[in-house]
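Peer 1: Quick one, fold the following:
(one chain, ligands or ions: 1)
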Amino acid sequence: MVRKLIAGNWKMNGSVSFASELVGGLLTRIEQEDVSADFVVCPPAALLGSVLALTKNTKLSVGGQDCHENVSGAHTGDTSAELLKNVGCQYVLTGHSERRTDHGESNADVRAKSKAALNAGLVPIICIGETESERVSGNTLKVIEEQVVQSLPDEADPNQIVLAYEPVWAIGTGKTATPDDVAEVHNFIRGLLVSRFGDEPAQKINILYGGSVKPSNAAELLAVSNVDGALVGGASLKVEDFWAIGVR
Ligand code: PEP
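Peer 2: Below is the predicted model of the structure:
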C-alpha cells in the first residue's frame, strides 16, 4: 500500500488573503499532528507565488492546475511545466475534465502535457473519467482504458506519476460514485498499470478518486481497494473539510 495523497484543486477560486488563511490553517495542522497522508494544493496560477512563499520548506506540496506542452515560446496566457518547476511546484494536474471540456483537450494533448511535466521533473496528476452518458451506455471501462493508454506518455515513470479517476458526472455535482463503482474502476486501472509497468512498480502508483469527495463520504471512499487518495475540488476550499478528508 502506498501512502495516501490528498490533492486540493482550488479551480478558479481564492485570493491572496484566502490563500494565506487556508495554507496557514493547513500548515498549523500538519506541524501539530502525526499525519499519515501527503497533502498538495493546486491554486490558480495567479496565486502560485503567494502559496509557494507560504509553503517553502514545509510538508505541504504545491501543484499547478495545467501546463503547456512546450518549454517556452509564444503561447500567451499559458504556463510551462518548466516554469512551474522553477518556481517550486512539485505537481501539476493534467487532463482535468474541465480542461478537456472548456479547452477541448484530447488524450493526445494530455499525453503531451504529461510528458512535458515529467521532463521538467514534476509529477503529473493525470485525470481520467467517463461522462454520464458513457456510463449509462455501459462504456465506462472502455473509455477509461482508452484514456489511460492514450494519456500516459511513453516516458511515464511509475515512480513519478499519479492517476486520478474522476467520473465527470460526479465533479462539482454532489453526486458520488458508489464504493462498488469506484472499486470496479480503480481495480481496472490498477490492472492496466500492472500490464504496462509490471506488478511491483504499478502497485506504487497512487490512484486518486475525485468527484464530490467531502468529510462525510471520504472514509468510505478512501477505504475502497486501490484508492490511494483523493482529488478534491469544492471541499478543498475549507481548511477543516480538506483536513478531515485526509486525516482519520
Ligand atoms: C475536482 O475539481 O477535481 C473535483 C473533484 O471537484 P469536486 O470535489 O468539487 O467534485
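Peer 1: Figure out the length between the terminal residues of stretch 8-24.
Peer 2: Taking CA to CA, to the nearest Å, stretch 8-24 runs 15 Å from one end to the other.
Peer 1: Over to stretch 89-99?
Peer 2: 19 Å.
Peer 1: same check, this time on stretch 159-166
Peer 2: Stretch 159-166 has an end-to-end distance of 21 Å (criterion: CA to CA).
Peer 1: buried stuff in the longest helix seen in the chain?
Peer 2: Secondary structure assigned by DSSP state H gives helix 179-197 as the longest helix of the chain. Across helix 179-197, burial judged by 16 or more other CB atoms under 10 Å covers 179, 182-186, 188-190, 192-193, 197. No exception for glycine: its C-beta is placed from N, CA and C like everyone else's.
Peer 1: In CSV: those, plus distance to the ligand and pLDDT.
Peer 2: Output for those, formatted as CSV (distance: CB to the nearest ligand atom, whole Å; pLDDT from 0 to 100):
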residue, distance to the ligand, pLDDT
Pro179, 17, 95
Val182, 13, 97
Ala183, 18, 98
Glu184, 19, 97
Val185, 14, 98
His186, 15, 98
Phe188, 19, 98
Ile189, 16, 98
Arg190, 20, 98
Leu192, 21, 98
Leu193, 20, 98
Phe197, 25, 97
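Peer 1: Roughly how far does Asp181 sit from the ligand?
Peer 2: To the ligand, Asp181 is 15 Å away according to CB to the nearest ligand atom, to the nearest Å.
Peer 1: after the longest helix of the chain comes which helix or strand?
Peer 2: Later in the chain than helix 179-197, the nearest helix or strand by DSSP states H and E is helix 199-203.
Peer 1: what helices or strands is that next one leaning on?
Peer 2: helix 179-197 (3 or more CB pairs under 8 Å, 6 or more residues apart in numbering; DSSP states H and E).
Peer 1: which other helices and strands contact the helix it packs on?
Peer 2: So helix 179-197, by 3+ CB pairs under 8 Å, 6+ apart, packs with helix 140-151, strand 162-165, helix 199-203, strand 206-210, helix 215-222.
Peer 1: any idea which of these is most buried?
Peer 2: Compared across those, strand 162-165 shows the largest average neighbour count, a mean of 26 (mean count of other CB atoms under 10 Å).
Peer 1: Please name the residues that touch whatever residue of the chain ends up closest to the ligand.
Peer 2: Closest approach between the chain and the ligand, counting by CB to the nearest ligand atom: Gly233, at 2.1 Å. Applying CB atoms under 8 Å, 6 or more residues apart in numbering, one finds that Gly233 lies in contact with 8-9, 11, 171-172, 210.
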